[in-house]
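**Student:** Sequence and predicted model, in that order:
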Amino acid sequence: MSVKEAPRTADRSLPRKSLVMLVHPEEIALLPEPGLPEGYRFRLYQPGDAENWARLMTTVEEFNEFSAGLASFNRQFLPEEDALRERQVYIVAKDGSTVASSTAWWFEEGGQRYGRLHWVAAHPAHQNLGLGRAVVSWGMRRTAELEPQRDVYLDTQTWSHKAIGLYLRLGFHPVRKSHPILRSVNEYDETLAILRDVLPPETLDLFLARSVD
């Protein structure tokens, strides 16, 4: 399947509402080593990957234009390029193309530091191969290594409801508005109201069961 034929990954038929999720370090420790199908491999960031990142993020509709993705990478990551060399991973296909990525990042709030699983994406033309699970698991494990004994957070939204199901199965908890650490926009109630109509019943049950204050 070519890039032009790739299915849409963001469900823009839904209202866009933001959700914060977290996972505890002891839960990350239970994850197995992420594996990849034959022909794919992990590779850490190297200089020049800004264009690969921007191209991938544009393909999964995080940005409308490649130039916007490239500008975002240069703004938020290039000042910390040394950190990228051990924190940003790519999955590379047999033809050398980069088809998935995640970043084991961090943030600070109230004088404390926390882990952040940042900018997760998997190319839609390589779906149903377990690449999303692999790149998320890699990011979770690496964040836990570099930010030991700290909760790991991520920001997501209703357009990525399929990814939310994956995050839940890998141990993440949806965070209600009352959580004391939150600095991001977190629309838990609004997100839940929308997801009730689109999540499979077993995933919705897991969402409710794993929600935390």
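**Tutor:** Arrived safely.

**Student:** helices or strands up against the longest helix along the chain?
**Tutor:** Counting by DSSP state H, the longest helix found in the chain is helix 131-146. For helix 131-146, the elements it packs on are helix 25-28, helix 81-87, strand 88-92, strand 98-109, strand 112-122, strand 152-157, helix 161-169, judged by 3 or more CB pairs under 8 Å, 6 or more residues apart in numbering; DSSP states H and E. C-beta: built from backbone N, CA, C; applies to glycine.

**Student:** Can you say which of those is nearest to Lys17?
**Tutor:** When those are compared by CB to CB, strand 152-157 sits nearest Lys17, at 6.2 Å.

**Student:** do you know how far Ser67 is from Thr58?
**Tutor:** 9 Å (CB to CB, to the nearest Å).

**Student:** neighbour count winner among those two?
**Tutor:** More neighbours surround Thr58 than the other of Ser67 and Thr58, with 19 against 11 (other CB atoms under 10 Å).

**Student:** hmm, back to that, give the buried residues for the longest helix of the chain.
**Tutor:** 131-144 (16 or more other CB atoms under 10 Å).

**Student:** same thing with stretch 108-118?
**Tutor:** 114-118.

**Student:** got a list of what Val89 touches?
**Tutor:** 42-45, 101-104, 135, 138-139, 142 (CB atoms under 8 Å, 6 or more residues apart in numbering).

**Student:** Switch the residues you listed over to a markdown table; also include distance to Asp95 and pLDDT.
**Tutor:** As requested, the contacts of Val89 are arranged in a markdown table below (distance: CB to CB, whole Å; pLDDT from 0 to 100):
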| residue | distance to Asp95 | pLDDT |
| --- | --- | --- |
| Phe42 | 16 | 98 |
| Arg43 | 14 | 97 |
| Leu44 | 19 | 98 |
| Tyr45 | 20 | 98 |
| Ser101 | 16 | 97 |
| Ser102 | 21 | 97 |
| Thr103 | 23 | 98 |
| Ala104 | 26 | 97 |
| Val135 | 18 | 97 |
| Trp138 | 21 | 97 |
| Gly139 | 23 | 97 |
| Arg142 | 25 | 97 |
